[in-house]
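Undergrad: No sequence on hand, only this structure:
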């Protein structure tokens with residue numbers, strides 16, 4: 001039978017004598033075999049390329065059929081043609097996932113007779129309609145008589161042309177490469193449900209990585225250009241929208257340690273090293289861990305808890321935790337932060353024997369031990385590998 005102290009899982013009747021550098025909230029657990037540990041999602045850890053395969057050789061992507069993968073391919077190919085950096089491909093694919101599920105629907109909306117007359121003769125994957133919008137991005141056609149709209153029905157039903165129109169509008173948006181995906185997509189779409197785009201960022205990243213050999217792991221240089229084969233590192237924001245929380249070596253990894261389970265990794269940088277949000281999200285915790293009690297003084301291996309810490313909720317059910325800050329976090333609960341926002345600075349409040357960041361990644365909106373995964377392969381797949389100084 002198990003019980004939980006703040007920051008440490010122990011097993012009843014077993015003396016917990018192991019010494020830990022960092023517990024964290026749920027960051028250590030006794031006898032790991034007693035608890036279910038979610039497996040880290042399978043990831044392709046090689047490559048940051050931008051080489052598209054041929055249509056007939058598209059690799060499988062779990063959860064997506066041939067038609068959907070082909071439409072993601074069309075979107076990426078249009079981005080390459082217009083020299084849009086890979087971050088734009090992720091944004092565009094995520095937008096199309098929300099708007100159409102990566103399907104071109106033959107639209108029979110009576111407001112546009114041209115749709116009914118011609119849609120079934122144009123490229124499409126299914127029959128249906130959504131108000132007065134058509135195509136992968138559900139763009140409004142130009143009325144049969146009058147001005148406005150994104151283009152003709154024939155143009156918008158063509159996946160390549162509709163994607164090019166999306167990109168041209170995106171490229172006119174200042175700061176889109178560094179904005180959260182929701183903000184960048186909404187600047188183009190003007191949707192009534194702007195927050196919905198964010199939930200597709202993970203799937204869009206996976207599709208782009210799979211179809212291009214890892215382009216969503218690339219990062220822009222100072223000029224905004226993104227180079228083939230160049231992964232993000234040293235604090236750069238990857239095309240996936242993720243960034244290293246600190247530039248520091250890993251001093252302790254994820255997994256069983258001395259009879260306990262370490263639910264994150266420790267990144268040992270100098271005291272005062274800025275700690276950054278690993279991705280855009282909503283701050284849900286920014287406080288002194290009650291188990292630590294006194295967070296304004298350095299802790300030790302005898303101190304409990306996370307010290308000053310922050311938790312952030314990201315798109316797709318992902319949450320991150322940042323422990324042992326030097327002083328009160330510089331963000332507040334309810335604040336929306338962009339990738340790379342400084343949350344605080346490395347210190348050794350709480351259960352720590354030296355300055356470091358204890359960093360955790362959790363899936364399924366589960367900040368307990370059951371939701372914790374190894375941050376190293378997760379961040380590698382995002383293009384923001386940990387342990388690079």
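TA: Yep, that arrived. Remember, predicted model here, so these are calculated numbers, not experimental data.
Undergrad: Low-confidence stretches in the stretch 1-150 of the chain?
TA: Flagging of the stretch 1-150 of the chain using pLDDT under 70 yields the residue ranges 1-47, 49-51, 53-56, 106-132, 143-148.
Undergrad: and the nearest residue to residue 231 once chain neighbours are set aside, which of the three is it?
TA: Distances taken as Cβ to Cβ, 6 or more residues apart in numbering put residue 48 closest to residue 231, at 4.1 Å, once the chain neighbours are dropped. C-beta: built from backbone N, CA, C; applies to glycine. Of the three states, residue 48 takes coil according to DSSP: H, G, I helix; E, B strand; the rest coil.
Undergrad: Give me the neighbour count for residue 48.
TA: Residue crowding around residue 48 was assessed by other Cβ atoms under 10 Å; the count is 24.
Undergrad: ok, residue 192 - how many residues close by?
TA: Other residues within reach of residue 192, judged by other Cβ under 10 Å, total 6.
Undergrad: Same question for residue 60.
TA: Here the number of neighbours of residue 60 (other Cβ under 10 Å) works out to 10.
Undergrad: same deal with the one 3 residues further on?
TA: Residues near residue 63, counting by other Cβ under 10 Å, number 9.
Undergrad: Show me where the stretch 251-389 of the chain has its helices.
TA: If DSSP state H, counting those that start in this stretch is used as the criterion, the helices of the stretch 251-389 of the chain fall at 375-382.
Undergrad: contact partners of stretch 284-291?
TA: By Cβ atoms under 8 Å, 6 or more residues apart in numbering, the residues outside stretch 284-291 that reach it are 5-7, 25, 295, 304-313, 319, 323, 328-329, 331-333, 343, 349-350.
Undergrad: hmm, which of the residues you listed are the buried ones?
TA: Neighbour-count burial (16 or more other Cβ atoms under 10 Å) is assigned, among those, to 7, 25, 295, 304-313, 319, 323, 329, 331, 343, 349-350.
Undergrad: Show me those residues that map onto strands.
TA: Judged by DSSP state E, the buried ones among the contacts of stretch 284-291 include 308, 309, 310, 311, 312, 313, 319, 323, 343 as members of strands.
Undergrad: Could you single out the nearest of those to residue 381?
TA: residue 319 (17.0 Å; Cβ to Cβ).
Undergrad: Residue 313 is in contact with that closest one, correct?
TA: Yes - Residue 319 sits in contact with residue 313 when judged by Cβ atoms under 8 Å, with a separation of 5.2 Å.
Undergrad: Would you map out the domains in this protein?
TA: 2-38+239-382, 55-212 (automatic domain parsing).
Undergrad: Quick check: residue 371 touching residue 363?
TA: Yes - taking Cβ under 8 Å as the definition, residue 371 is a contact partner of residue 363 at 5.4 Å.
Undergrad: who's the spatially closest residue to residue 334 that is not a sequence neighbour bridged to?
TA: Beyond its immediate neighbours in the sequence, the residue positioned closest to residue 334 (Cβ to Cβ, 6+ apart) is residue 283, lying 6.7 Å away. When bridges are called by DSSP bridges, residue 283 pairs up with residue 312.
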